[in-house]
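Asker: give the three-dimensional model of this entry:
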Amino acid sequence: MTFSVDRKRVTVAGAARSGLAAAELLARRGARVTLSDLRPAVPEAEPLRRLGVEVELGGHTRESFEAADLVVLSPGVPPEQPMVQAARAKGVPVIAEIELASRWLQGRVIAITGTKGKSTTTALTGRILATAGFKVTVGGNIGAPLSAQVSESTPDTLHVVEASSFQLEQIDTFHPWIAVMLNFSPDHLDRHPTVEAYAAAKARIFENQDAGDWAVINADDPAVLELARRGRAATRLFARRSAIADGTVIDGDWIVERAGATQRRLVPLVAVHLLGPHLVGDVMAAATVGAIAGATPASMTAAVDGFAGLEHAMELVADIGGVRFVNDSKATNVESALRSIESFERNLVPILGGKFKGGDLRLLREPLRARAKAVVAIGEARPLVREALAGAVDVEEVDGLAAAVARAYAIAKPSGVVLLAPACASFDMFRDYAERGRRFKEEVRRLAAES
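Answerer: Just a heads-up that it's a prediction; the model follows:
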């Protein structure tokens with residue numbers, strides 16, 4: 001039966017990108033929409049008033065939630081929010097924005113999740129499929145929200161969607177044709193009550209799949225194998241390190257598709273221009289999706305060869321007098337920072353810190369002992385960084401990113417690497433990781449000009 005919101009009262013909680021797109025979609029589908037946000041002013045929401053959307057700012061009111069026929073959550077709104085809980089208590093359905101949008105999509109969904117690497121894999125998967133000639137949209141947690149893609153969805157569209165745990169925990173019927181899980185490690189423990197709850201949210205990506213679907217799984221990660229175990233979809237493995245008989249692996253200088261004794265070359269490693277060996281795993285995942293969808297090795301190789309990576313993800317910013325500066329502001333958790341650090345062999349000076357959101361910073365001790373000249377710590381997490389790394393590497397605490405860049409440069413001379421890989425969120429100092437990354441690059445450019 002076709003999903004309809006015509007003349008229904010729908011409250012959208014959160015007026016960021018996803019909430020704005022959901023409110024517009026709902027209004028155009030005939031709903032009586034209230035867009036509710038805690039902030040006192042959201043200029044981007046003003047055009048929605050012309051569509052009849054009621055914009056409620058400065059707090060959520062009980063009436064808007066309890067009297068609704070449906071509540072739609074932006075990813076940034078916790079399901080434990082009191083008014084959301086009040087709506088549930090009244091029997092009001094509460095769903096995620098990607099759940100809402102997916103009910104109106106005509107094309108198939110390729111959903112990608114994991115603790116790290118989601119954005120890179122999503123962008124590259126979209127590029128591979130587009131190069132192969134498919135009609136593709138790319139978005140979700142990056143780019144355009146899924147609600148903004150509904151109007152252009154056709155039966156032959158492939159929707160490549162980055163799906164976060166915040167989005168997946170509120171799905172109901174969301175059904176990916178291909179679901180990709182890249183990796184799993186503790187993260188977002190400032191939002192999820194336990195690691196188990198975070199894992200359960202991630203695992204929901206497989207929940208509605210059936211035997212006609214595909215689960216693309218990282219065989220190098222035991223946690224991912226376990227989370228995918230109960231899924232009903234056909235499984236396609238990829239592994240950068242593990243020996244597997246069937247799936248996507250590395251053989252010599254090639255990423256290949258192996259099936260028992262036979263294999264097919266997909267992408268030469270020389271075409272991969274991403275900084276950091278862990279990003280090869282993201283390329284393998286994207287190539288696996290491409291192979292399932294029917295992309296040719298030639299189109300995969302062309303797409304990979306032309307892909308220089310994403311801004312703020314192992315982004316080489318500059319070389320100043322022999323010191324390289326790398327922006328990995330998207331490394332907002334310990335596991336991501338660990339992979340970034342392990343990409344370099346020596347003379348490393350990482351900038352760590354920000355708003356800590358869980359995990360074990362002590363996992364960085366031995367990799368830093370082997371590679372780092374020192375660590376520069378910033379933000380709220382400075383004392384946590386110092387305590388976790390005590391005795392393994394010198395930690396210098398500074399105030400602000402400008403001071404961090406200058407101090408790291410002084411330590412890294414004459415031929416080291418300054419790496420912004422915070423292992424923390426940015427919200428104590430910046431609006432988001434992107435603003436933090438841009439500020440880092442501005443400080444590096446200022447340093448280059450002075451030098």
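Asker: and the helix or strand hosting residue 352, what other elements does it pack with?
Answerer: For residue 352, the element it lies in under DSSP states H and E is strand 348-353. Under the contact criterion of 3 or more Cβ pairs under 8 Å, 6 or more residues apart in numbering; DSSP states H and E, the helices and strands touching strand 348-353 comprise helix 334-341, helix 365-371, strand 375-378, helix 382-389, helix 401-412, strand 417-420. (Each C-beta comes from the backbone N, C-alpha and C, glycine too.)
Asker: tell me which of the ones you listed is the most buried.
Answerer: Of those, the one with the most neighbours on average (mean count of other Cβ atoms under 10 Å) is strand 417-420, at a mean of 28.
Asker: who does the next helix or strand after that strand touch, helix- and strand-wise?
Answerer: Remark: after strand 417-420, the chain's next helix or strand is helix 433-450, criterion DSSP H and E. Contacting helix 433-450 under the criterion 3+ Cβ pairs under 8 Å, 6+ apart are the following elements: strand 315-320, strand 323-327, helix 401-412, strand 417-420.
Asker: if you set the cut-off to 7 Å instead, what comes out?
Answerer: Using 3 or more Cβ pairs under 7 Å, 6 or more residues apart in numbering; DSSP states H and E as the contact criterion, the neighbours of helix 433-450 among helices and strands are strand 315-320, strand 323-327, helix 401-412.
Asker: ok so, going back, the helices and strands packed on strand 348-353: which one's closest to residue 196?
Answerer: Among the helices and strands packed on strand 348-353, the nearest to residue 196 by Cβ to Cβ is helix 334-341 (16.8 Å).
Asker: contacts only, for the residue nearest the centre of the chain.
Answerer: Among the residues of the chain, the one closest to the centroid is residue 118, at 4.2 Å (Cα atoms, centre = their mean). Applying Cβ atoms under 7 Å, 6 or more residues apart in numbering, we find residue 118 in contact with 112, 141, 162, 182.
Asker: out of those residues, which one has the lowest pLDDT?
Answerer: The member of the contacts of residue 118 with the lowest model confidence is residue 141, at 78 (criterion: pLDDT).
Asker: mind checking how far the residue lying closest to that one once chain neighbours are set aside is from residue 298?
Answerer: Distance criterion Cβ to Cβ, 6 or more residues apart in numbering; nearest residue to residue 141, sequence neighbours excluded, is residue 162 at 4.0 Å. Remark: distance between residue 162 and residue 298 (Cβ to Cβ, to the nearest Å) = 26 Å.
Asker: how many neighbours does the closest residue to residue 240 other than its chain neighbours have?
Answerer: In this structure, residue 240 finds its nearest non-sequential neighbour in residue 281, 4.8 Å apart by Cβ to Cβ, 6+ apart. Other residues lying near residue 281 total 27 when counted by other Cβ atoms under 10 Å.
Asker: and the one 10 residues further on, by the same measure?
Answerer: With neighbours defined by other Cβ under 10 Å, the count for residue 291 comes to 20.
Asker: what are the phi and psi values at the residue nearest to the centre of the chain?
Answerer: As for residue 118, its main-chain torsions (degrees, to the nearest 10) stand at phi -60, psi -50.
Asker: so how far is residue 64 from it?
Answerer: In this structure, residue 118 lies at 32 Å from residue 64, with Cβ to Cβ as the measure.
Asker: which residues in the stretch 201-350 of the chain form helices?
Answerer: The residue ranges that make up the helices of the stretch 201-350 of the chain, judged by DSSP state H, counting those that start in this stretch, are 222-227, 278-293, 297-305, 334-341.
Asker: need these in TSV with distance to residue 244 and mean pLDDT, can you?
Answerer: Formatted as TSV, those follow (distance: least, Cβ to Cβ, whole Å; pLDDT from 0 to 100):
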stretch	distance to residue 244	mean pLDDT
helix 222-227	11	94
helix 278-293	12	96
helix 297-305	20	98
helix 334-341	21	92
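Asker: so can I have CSV of those showing distance to residue 365?
Answerer: What follows is those, written out as CSV (distance: least, Cβ to Cβ, whole Å):
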stretch, distance to residue 365
helix 222-227, 21
helix 278-293, 19
helix 297-305, 34
helix 334-341, 10
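Asker: nearest to residue 384, of those?
Answerer: Ranking the helices of the stretch 201-350 of the chain by distance to residue 384, with Cβ to Cβ as the measure, places helix 334-341 first at 10.9 Å.
Asker: follow-up on the earlier one: list phi and psi for the residue nearest to residue 141.
Answerer: Residue 162 has phi and psi values of phi -80, psi 120 when expressed as degrees, to the nearest 10.
Asker: hang on, it packs against residue 111?
Answerer: No: in this structure, residue 162 sits apart from residue 111 without contact. The criterion is Cβ atoms under 7 Å, and the distance is 8.0 Å.
Asker: between those two, who's got more neighbours?
Answerer: Neighbours were counted for residue 162 and for residue 111 using other Cβ under 10 Å; residue 111 has more, 29 against 26.
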